[in-house]
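>>> pasting the structure only:
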Ligand code: ADP
Ligand code: DP6
Ligand code: CO
């Protein structure tokens, strides 16, 4: 009789929000970016993906259930993750014949995001980081977070940065096979422990233009984008790493806001144009400018990914000022009003989860 034992492992993975943005692929097949990027990993207490991976001869083929619904796994990105993880497990099994042959069994993945999916709050980042880590745990792989980031990158680029906590860089690399395009840790969260993030949800609906297709349209049609990847991003990578190293919030904030602006300018310069931000998003930008003007220094920084929802970075000592101002703002601007209840309070950054 066949062994129908079910092997299972669960894990959670955090969201990361980029402060130097990834937008553009030089190789869509291997998911290699046109530029390096930097992000801050948020606390799993607030936004996280929970994923369980199991395998058994009794399962009827590979499957993925996302937020309670069957999800398509035939895409090349999910397939690449499955293939690479299975190959690593197969190598362990080849070296030790006492190990159960899990690499050939059907995989069942069940995943849940506790925040809006496909709404510009990095669900693909937490989602694919959790998928890769859950299967790596199931297979008892010994690969480092940096090695696993090479696999997560192929699921979704931003996912490679969610294998680490704290301040994380995705180095674009220059090899054609992508083996040097992976995440590495700039600093543990404990290096700058008073960093906070406020998540503002104005619209939890799925975006019209997914990140994957949006960035490919930008690469193909935007002239501004060429200047971004050749000049703007390389300079901002240096400034951002310096700001993090020196814990210089005004510099961190200015680069973060300029990067968000630059990315959305390239989206608007795409032909036909892509608009991820809406009127409510722009009103929140004005609110941050007002908060900083009133403080007489930069104490808050906004950033938007590919969606209208907002992330505000600030320091713990300015929490009352920044969060207080946003509570007043949320009750006064119509776009945010309907979903003010969904605004999360300050999000603590975790210790390195690697
Ligand atoms: P976001 O801004 O939320 O990252 P994207 O357009 O980049 O939006 O990606 C959204 C897609 O990522 C979803 O449609 C789904 O295919 C995938 N995704 C999101 N969450 C998960 C998850 N937990 N597990 C696997 N895939 C996920
Ligand atoms: C604006 O990582 O979602 O959030 O690699 O095609 O899955 P794919 O794209 P994805 O793009 C993220 C774009 C961004 C900026 C960022 O996270 O760096
Ligand atoms: Co994404």
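All right, it came through fine. Keep in mind the model is a prediction, meaning the values are calculated, not measured. Residues are numbered from 1 along each chain as shown. Ligands and ions are numbered 1, 2, ... in the order given.
>>> does residue 297 really touch residue 253, like I thought?
No. If you go by CB atoms under 8 Å, residue 297 and residue 253 don't touch, sitting 9.7 Å apart. Just so you know, the C-beta spots here come from the backbone N, C-alpha and C atoms, and that holds for glycine as well.
>>> Looking at those two, which has the bigger crowd around it?
Between residue 297 and residue 253, counting by other CB atoms under 10 Å, residue 253 is the more crowded of the two (25 against 10).
>>> pLDDT score for that one?
The score at residue 253 is 98. That number is its pLDDT.
>>> what does residue 72 give?
At residue 72, the model reports a pLDDT of 97.
>>> Equivalent analysis for residue 352, please.
pLDDT recorded at residue 352 is 36.
>>> quick one, what contacts residue 127?
Neighbour list for residue 127: 13, 49, 51, 66, 111, 113, 117, 155-156, 159 [criterion: CB atoms under 8 Å, 6 or more residues apart in numbering].
>>> cool, and residue 113?
Taking CB under 8 Å, 6+ apart, we find residue 113 in contact with 48-49, 66-67, 123, 126-127.
>>> Give the helix, strand or coil label for the residue of the stretch 1-150 of the chain at minimum distance from ligand 1.
Ranked by CB to the nearest ligand atom, the top residue of the stretch 1-150 of the chain for proximity to ligand 1 is residue 127, at 2.4 Å. In three-state terms, and counting by DSSP: H, G, I helix; E, B strand; the rest coil, residue 127 is helix.
>>> any idea how far residue 134 is from it?
Counting by CB to CB, to the nearest Å, the gap from residue 127 to residue 134 is 11 Å.
>>> cool, and residue 194?
32 Å.
>>> So which of these two has more stuff around it?
residue 134 (27 against 14).
>>> what does the stretch 151-300 of the chain put close to ligand 3?
Listed as neighbours of ligand 3 in the stretch 151-300 of the chain under the rule CB under 5 Å from the ion: residue 211.
>>> what ranges do the helices span in the stretch 151-300 of the chain?
With DSSP state H, counting those that start in this stretch as the criterion, the stretch 151-300 of the chain has helices at 211-221, 223-227, 233-246, 249-269, 279-295.
>>> for this structure, which spans come out with low pLDDT?
The model of the chain has pLDDT under 70 over residues 1-2, 333-354.
>>> can we see that at 80?
Applying pLDDT under 80 to the chain flags residues 1-2, 330-354.
>>> Let's check: the centremost residue of it is which one?
Closest residue to the average C-alpha location of the chain: residue 125 at 3.5 Å, with CA atoms, centre = their mean.
>>> isn't it right up against residue 158?
Yes. Assessed by CB under 8 Å, residue 125 is found in contact with residue 158 at 3.9 Å.
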